[in-house]
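Asker: Structure for this input, please:
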Amino acid sequence: MKFEQYKLVKEHALAAAAAAGAALPDAGRLNPVLLAYVGDVVYSLYVRLRFLTASSQIRVIHDLSSKTVSAVCQAAALEALTTELTEEELTVVKRGRNTKSTVPKSASMHEYRMSTAFEALVGWLFLRGEDERLEAFLDKAFNITLDSLKK
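Answerer: Okay, here's the model as predicted:
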């Protein structure tokens, strides 16, 4: 994208964000990368809130949170929970998993793609307002990850 084009897109995004009462986008139409972006924020906040009662030391909370939201842990949680997903949720997972992106050194390609799928599902559930389903999924994923961190 050329710089001038980027500036126009950025201005449009800022204007849209400033619009009061703007509705959330349709989760089913969003690019899986955007769903994963939202899902990453939602899961990170959820994990940090869960660890608030674990310690009063920010470093401990940060270390535990960072490990919990890692691609490796998210991939493991999704793989453990796949059998509990609905057909519609599995479709979102497949869209997220098949998204092409640069894989960091901290995870294998499979782990990174699965973690993107995990985040896409979380973002999709959040944007659709499926709060009960989202909370149940996050609780189970968190507990799976917590068990693996204890080992």
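
Asker: C-alpha from now on. contacts and neighbour counts both.
Answerer: Will do.

Asker: Give the buried residues for the helix or strand hosting residue 49.
Answerer: According to DSSP states H and E, residue 49 maps onto helix 32-51. Buried positions in helix 32-51, judged by neighbour count with 16 or more other Cα atoms under 10 Å: 32-40, 42-44, 46-48, 51.

Asker: and if you look at stretch 121-139?
Answerer: 121-127, 134, 137-138.

Asker: quick revisit: and the helix holding residue 49, how far out from the chain middle?
Answerer: Computed by Cα atoms, centre = their mean, to the nearest Å, the chain-centroid distance of helix 32-51 equals 4 Å.

Asker: Same question for stretch 11-25.
Answerer: 22 Å.

Asker: Kindly check the end-to-end length of that stretch for me.
Answerer: 18 Å (Cα to Cα, to the nearest Å).

Asker: Pull the residues that contact that stretch.
Answerer: With Cα atoms under 8 Å, 6 or more residues apart in numbering as the contact definition, stretch 11-25 has outside contacts at residue 127.

Asker: same thing with stretch 27-34?
Answerer: Against stretch 27-34 from outside (Cα under 8 Å, 6+ apart): 35, 92, 95-96, 99, 116, 120, 123-124, 127-128.

Asker: so of the residues you listed, which ones are in helices?
Answerer: 35, 92, 95-96, 116, 120, 123-124, 127 (DSSP state H).

Asker: What is the nearest of these to residue 75?
Answerer: residue 116 (8.3 Å; Cα to Cα).

Asker: my guess is the closest one contacts residue 38, does it?
Answerer: No: contact between residue 116 and residue 38 fails when scored by Cα atoms under 8 Å: they sit 10.9 Å apart.

Asker: Now do the helix holding residue 49, average pLDDT.
Answerer: In this model, helix 32-51 has a mean pLDDT of 94.
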